[in-house]
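In: here's my sequence, what's the structure:
(one chain, ligands or ions: 1)
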Amino acid sequence: MVVEKYANAEPELKQELKAIAEKIVSTGKGILAVDESPNDMGERLRDVNVENTEENRRAWRQLLFTANKDVISQHISGVILYHETLYQNADDGTPFVELLRQRNIIPGIKVDTGLVPLFGTTGEHTAQGLDDLQARCIQYKKDGCDFAKWRCAFKITKDTPSKLSILENANVLARYASICQSARIVPIVEPDILSDGDHDLTRCQQVTEEVLAAVYKALSDHHVYLEGTLLKPNMVTPGQSCPKKASPQEIAAATVTAFQRTVPVAVPGIAFLSGGQSEEDASVNLDAINKYPGKKPWTLTFSYGRALQASARSAWSGDPNQIAAGQEELVKRVKANGAACQGKYLAGSVSSEAARASNFIEGRVY
Ligand code: 13P
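Out: Got it, this is the predicted structure:
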């Protein structure tokens, strides 16, 4: 018997998912990713000598969410939260979710519970969190979230990613995506191919194509409604320690080619992670990708964590008198990426405090 695809999805559900996904990737807009776990946030705060307490994490996120409303509303369509942040309030008692909605920003939530070793492989991982995912998604939807993210990570070495890791991670991303959609939540599918290593651009492109092909096969097998999803991938770049660097144009050509070969046209948008690139590189490369003259049937935008926060955090450094200075740095990067996602960024035109500093964290697992 032929089972009709998406047979269980009501037209209203499909319409709702598609509308959310399209709103997130509307012209000139992208995502601010602030879904660092308390542990991961602790490392970022330690860099600027701030103690890792719940209150300091709240104060930091408040700084970001209350930055210049005009600029933020113009260029940020969604914010990815961690569970703790979803239930926090601003100083005046306004729940963060409400504050974001007032700014026309859609709250989203990280729902994987982190990476764990994939036994039988050489140091590869999968992500956990499926068991109670439907119940959590139903609750998160009630609490104001319209989208979610789930991150899987792949490491490039001579022998990895292995077939097992590709299949397992593609499958877990597809299970996650179908569960989210059943709860009226748009899944952001994040297969993050790490930039650790000395591999060249060609190898990264080859692995990206192999991983994305497996991810879209699994999404199809799981009857995921693609129009109601978004992809959050790495850009195709040489590894951090590859001696041969690539130009933004070479990165753009390799990235767009990999997507043309693997990402269906039905997917409304692709929102890149910054993956340890400096703030300026992340803007310049996104701009080059948008300027690349090939076929690009999806919106190509940003979903940056480190590349939006680094300068702001260092300007703030936990000092209540430096909140405005931190917000000013965030606003600069938001403007730069708002331009870059339309192919309108002039390289070097935004000089931020830490614009050229690498945000690479070796062996990042969280
Ligand atoms: P980076 O932009 O810092 O890579 O983080 C984005 C993200 O959400 C990674 O999961």
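In: in the stretch 1-150 of the chain, what residue comes closest to the ligand?
Out: Taking Cβ to the nearest ligand atom, the ligand has its nearest neighbour within the stretch 1-150 of the chain at Ala33, 3.6 Å off. C-beta: built from backbone N, CA, C; applies to glycine.
In: need the contact list for that residue.
Out: The contact partners of Ala33, taken as Cβ atoms under 8 Å, 6 or more residues apart in numbering, are 79-80, 149, 273, 303-305, 308.
In: those residues in strands, which ones?
Out: The strands, defined by DSSP state E, take in 79-80, 149, 303-304 from those.
In: now the strands for this protein?
Out: Along the chain, counting by DSSP E, strands occupy 30-33, 76-81, 106-110, 115-117, 125-127, 147-154, 186-193, 230-231, 269-272, 299-304.
In: tell me, how many residues neighbour the residue nearest to Asp192 when sequence neighbours are not counted?
Out: Among residues not flanking Asp192 along the chain, Ala153 sits closest, at 4.8 Å (Cβ to Cβ, 6 or more residues apart in numbering). Using other Cβ atoms under 10 Å, Ala153 has 22 other residues around it.
In: I'd say Ala153 and Leu194 touch.
Out: Yes - checked against Cβ atoms under 8 Å, the pair Ala153 and Leu194 is within contact range at 5.8 Å.
In: of the strands of the chain, flag the one that's most buried.
Out: Counting by mean count of other Cβ atoms under 10 Å, strand 30-33 has the highest mean neighbour count of the strands of the chain, with a mean of 29.
In: roughly how far is that one from the heart of the chain?
Out: 7 Å (Cα atoms, centre = their mean, to the nearest Å).
In: state the distance from Pro233 to the ligand.
Out: To the ligand, Pro233 is 11 Å away according to Cβ to the nearest ligand atom, to the nearest Å.
In: check Lys344 too.
Out: Applying Cβ to the nearest ligand atom, the value for Lys344 to the ligand is 21 Å.
In: burial of the closest residue to that residue other than its chain neighbours, as a residue count?
Out: Using Cβ to Cβ, 6+ apart and skipping the chain neighbours, the partner closest in space to Lys344 is Asp287 (7.4 Å). For Asp287, the number of neighbouring residues by other Cβ under 10 Å comes to 23.
In: quick revisit: a markdown table for the ones in strands among the contacts of Ala33, including pLDDT and distance to the ligand?
Out: Listed next are the ones in strands among the contacts of Ala33 as a markdown table, based on pLDDT from 0 to 100; distance: Cβ to the nearest ligand atom, whole Å:
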| residue | pLDDT | distance to the ligand |
| --- | --- | --- |
| Val79 | 99 | 11 |
| Ile80 | 99 | 6 |
| Lys149 | 98 | 7 |
| Ser303 | 99 | 6 |
| Tyr304 | 98 | 4 |
